[in-house]
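Undergrad: The following comprises the amino acid sequence and a computationally predicted model.
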Amino acid sequence: MTKGRYGIHGGQYIPETLMNAVLELERAYEQYKQDETFWEELRQLYRDYANRPSMLYYAEKMTKDLGGAKIYLKREDLNHTGAHKINNVLGQCLLAKRMGKQHVIAETGAGQHGVATATVAALMGMECTVYMGKEDCERQALNVFRMELLGAKVVPVTTGTGTLKDAVNEALRVWTARVQDTYYVLGSVMGPHPYPEMVRDFQKVIGEEVRAQLLEKEGRLPDAVIACVGGGSNAMGLFYDFIPDKEVRLIGVEAAGEGVDTERTAATIARGSEGIFHGMKSLFLQDEYGQIAPVYSISAGLDYPGIGPEHAYLHDIGRAEYVPATDRESVDAFLYLSKTEGIIPAVESAHALAYAMKLAPTLAKDKIIVVNLSGRGDKDVAAIARYLGRDLHE
Amino acid sequence: MSKLAGVLKQHKKIFAPFITAGDPDLETTKKLILAMEEAGATLVELGIPFSDPMAEGPVIQEADLRALSAGCTTDKVFDMIREVRKETDIPLVFLTYANPIFHYGTDRFYARCAEVGVDGTIVPDVPYEEREELEAACEKYGVDRITMIAPTSEDRIQEIARDAKGYVYIVSSLGVTGVRSEITTDIGTIYRKIREVTDTPAAVGFGISTPKQAAEMARLSDGAIVGSAIVRIVAEYGRDSVTPVKEYVKRMVDAVNHCGE
């Protein structure tokens, strides 16, 4: 088996034109991974720029209302730019800078990764171009303007379904054409090696903080940690540190869209099968001939037909559980958290909350679950209003 | 040397046209293969359409989507080839992506290639490092795994070329497939490095559309591969594209065969 494998998953399935760039990235990452000055600079950015550590908040009203396990929320929504995406982007842009790259490109779904990349590119004085599906540009118009404010160029992608997978296709194509001076900031734990490993390493701070914070508050580890999964970066970041602790359940929540039994879904583990796409072997939603399926979710950030290879592996070996949450359940959770705790979650994170709301009442009161509140919901307010039948446009 | 490489060696220069199978329908694809053979093509590259062809520019992306919307499937492509094989021996090579092969079942896919008479496959998203994915099945069924060498390959050129089967596909320039006004890569140097380690023929593709470009690439290597320029004619004329494609291929074949003059 070749490099970057998680069981049978992972690998480096990319065109020859990109191969040397990916190998250069792999070498650079191997080098800086060992370089304490790199991590010191990154930790300083996490602290002073991104507002880390993010709070671990005991959702007391929610806990009492649901009447079961104690619920803690990991407040990644309080990070600069409002989501966990900044953790990865700071790491990758710092690496790009050390590699001497002046131009960064990124794909984005909901716009959170694009905004984070535009933000850090501004901070580090780099040129930035973001590829975003045309449909997503419309769903998240405010984020498009936000990226432009930050000095980035946003290119709407009209090919395919005009969503996240098409944005990745286009970013890869553009990278092929500008490979010499361009760094591709991939936004999730996916793509060819070393991206899944590197993005996980830049996100694992989430789980490490949860461990330390919960040990301080409760003197013990959680019984379950829950995160939404599209490509899976916030989930991988939360899970990673707990993988050796077998007593901690790792639960990933996929976007079921209108239901896992409908064609309007993005639940890869529930409905997908093994495949090779976007540089990796993993699980994908596809038809009987391996054509990648059009996917659907109310959440632009989870609207992706694959899942990171390490998740596919954790699923294979039974270490993590993956469950679906529908649009309806997630919108209900979105409304519930807003009213109950005064926190408006990203519709992506609302998928994790939706499952936590099902699970908590089934567990005893001395159990503890941690939900990753991976992003804030300001960007989703108009879309939720439309879902509820209110004619509200940004 | 493989059978395909042996056949190609008999030609002074190679001209390899590419079309997407099933665009606009498989009946037209069959006619196009025969017409291109008559026009003097050395071999034909056939794209099995994929929903997300990451190495293709807009012209071939759209052809793939047209073929898929028209109901083209991998099985139907195999059936069409079985039919066309009754009428021609021209070498046929598939160009497709890892997933349609993997999902079909790699062993089953190559078994069918051998059964219907496909000589080789080009799979852009299976690079040298991941060759194990296809190697065993290719060898078992005697189908050549044709590899690509890019302007960025540098020290990988000879490593890849040493392993080459059928022919080496030299990618002319950075970026995806599509017509280009100019090719600036130093093809001569890449070709010489390939020649140092293998006798397998090496032809240049990506961005070639005019007879002048084709002749230039054939002068610097063993031939030219042309895709988007032909797919564009198919897009324009649809079922009536057989005659214009044949005329175009004839002009290109002439240019390639007279590239030394």
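TA: On my side now, so go ahead.
Undergrad: Please, which helix or strand holds A:Gly68?
TA: In this assignment (DSSP states H and E), A:Gly68 forms part of neither any helix nor any strand.
Undergrad: Would you point out which residue is most central in the chain?
TA: Assuming you mean chain A. By C-alpha atoms, centre = their mean, chain A has its centre lying nearest to A:Ser233, at 3.8 Å.
Undergrad: The chain in question should be chain B.
TA: Central residue of chain B (C-alpha atoms, centre = their mean): B:Glu45, at 3.6 Å.
Undergrad: Wait, a strand at it?
TA: Yes. Assessed by DSSP: H, G, I helix; E, B strand; the rest coil, B:Glu45 belongs to a strand.
Undergrad: isn't it right next to B:Ala16, touching?
TA: Yes. Counting by C-beta atoms under 8 Å, B:Glu45 touches B:Ala16, with 5.6 Å between them. In short, each C-beta sits where N, CA and C put it, glycine included.
Undergrad: Give me the common contacts of these two.
TA: Applying C-beta atoms under 8 Å, 6 or more residues apart in numbering or on different chains, one finds that B:Glu45 and B:Ala16 are jointly contacted by B:93, B:225.
Undergrad: now the stretch 1-150 of chain A, which segments are flagged as low pLDDT?
TA: Counting by pLDDT under 70, the low-confidence segments of the stretch 1-150 of chain A come to A:1.
Undergrad: And the residue nearest to the centre of chain B, how close does it get to chain A?
TA: 16 Å (C-beta to the nearest C-beta, to the nearest Å).
Undergrad: Can you get me a residue count around B:Arg162?
TA: 12 (other C-beta atoms under 10 Å in any protein chain shown).
Undergrad: which ones are touching it?
TA: Counted by C-beta under 8 Å, 6+ apart, B:Arg162 has contacts B:197-198.
Undergrad: What of A:Ala255?
TA: Taking C-beta under 8 Å, 6+ apart as the test, what A:Ala255 contacts is A:228, A:230, A:265-267, A:297-299, A:302-303, A:324-325, A:327, A:330, A:348, A:351.
Undergrad: now swap in B:Ile170 and tell me
TA: So B:Ile170 contacts B:148-149, B:187, B:190-191, B:194, B:202-205, B:221 (C-beta under 8 Å, 6+ apart).
Undergrad: What distance separates the opening and closing residues of stretch B:48-65?
TA: Counting by C-alpha to C-alpha, to the nearest Å, you get 11 Å between the two ends of stretch B:48-65.
Undergrad: Now find how far off-centre that stretch is within its chain.
TA: Mean-position distance between stretch B:48-65 and its chain equals 14 Å (C-alpha atoms, centre = their mean, to the nearest Å).
Undergrad: Name the residues of that stretch that are buried.
TA: By 16 or more other C-beta atoms under 10 Å in any protein chain shown, the buried positions in stretch B:48-65 come out as B:48-57, B:59-65.
Undergrad: which residue packs closest to the closest residue to chain B within chain A, ignoring adjacent ones?
TA: Closest residue of chain A to chain B, C-beta to the nearest C-beta: A:Gly290 (2.9 Å). Distances taken as C-beta to C-beta, 6 or more residues apart in numbering or on different chains put B:His103 closest to A:Gly290, at 2.9 Å, once the chain neighbours are dropped.
Undergrad: which outside residues touch the helix or strand where the one you found lies?
TA: For B:His103, the host element (DSSP H and E) is helix B:98-104. Residues outside helix B:98-104 that contact it (C-beta under 8 Å, 6+ apart): A:13, A:273-277, A:281, A:284, A:286, A:288-292, B:48, B:50, B:74, B:109, B:121, B:123, B:125-126, B:133-134.
Undergrad: Next: stretch B:245-261.
TA: Taking C-beta under 8 Å, 6+ apart as the rule, stretch B:245-261 contacts B:12-15, B:17, B:19, B:32, B:35-36, B:38-41, B:211-212, B:214-216, B:218-219, B:223-224, B:226, B:229-230, B:233-234, B:237.
Undergrad: Mind doing that once more with 7 Å?
TA: Applying C-beta atoms under 7 Å, 6 or more residues apart in numbering or on different chains, the contact partners of stretch B:245-261 are B:12-13, B:15, B:17, B:32, B:35-36, B:38-41, B:211, B:214-215, B:218-219, B:223-224, B:226, B:230, B:233-234.
Undergrad: among those, which are in strands?
TA: B:15, B:17, B:223-224, B:226 (DSSP state E).
Undergrad: For these, give me JSON lines that also has neighbour count.
TA: Formatted as JSON lines, the ones in strands among the contacts of stretch B:245-261 follow (neighbours: other C-beta atoms under 10 Å in any protein chain shown):
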{"residue": "B:Phe15", "neighbour count": "26"}
{"residue": "B:Pro17", "neighbour count": "28"}
{"residue": "B:Gly223", "neighbour count": "27"}
{"residue": "B:Ala224", "neighbour count": "31"}
{"residue": "B:Val226", "neighbour count": "28"}
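Undergrad: Which entries in those are shared with the contacts of chain A?
TA: With C-beta under 7 Å from any C-beta of the partner chain as the criterion, those include none near chain A.
Undergrad: Closest one of the residues you listed to A:Gly100?
TA: B:Ala224 (35.9 Å; C-beta to C-beta).
Undergrad: mind checking pLDDT for the closest one?
TA: For B:Ala224, the model assigns a pLDDT of 98.
Undergrad: Is it in contact with B:Ala214, as I believe?
TA: Yes. Contact status for B:Ala224 versus B:Ala214: in contact at 4.2 Å, counting by C-beta atoms under 7 Å.
Undergrad: which neighbours do the two share?
TA: B:208, B:256.
Undergrad: and chain A, which of its residues are near chain B?
TA: So chain A meets chain B at A:2, A:11-17, A:19-20, A:159-160, A:165, A:169, A:172-173, A:176-177, A:179, A:275-277, A:286, A:289-292 (C-beta under 7 Å from any C-beta).
Undergrad: returning to that earlier point: what sits against the residue nearest to the centre of chain A?
TA: A:88, A:187-189, A:199, A:203.
Undergrad: Selecting buried members of these in ChimeraX, what would you type?
TA: To isolate the buried members of these in ChimeraX, using 16+ other C-beta under 10 Å:
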select /A:88,187,188,189,199,203
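Undergrad: closest to A:Glu30 among the contacts of A:Ser233?
TA: For the contacts of A:Ser233, the nearest to A:Glu30 is A:Val199 (15.2 Å; C-beta to C-beta).
Undergrad: tell me which element that closest one falls in.
TA: Assigned by DSSP H and E, A:Val199 falls within helix A:195-203.
Undergrad: Same check on A:Met236?
TA: Element membership for A:Met236, per DSSP H and E: helix A:233-239.
Undergrad: what's the average pLDDT for that helix?
TA: Taken as a whole, helix A:233-239 has an average pLDDT of 98.
Undergrad: Give the buried residues for it.
TA: A:233-239.
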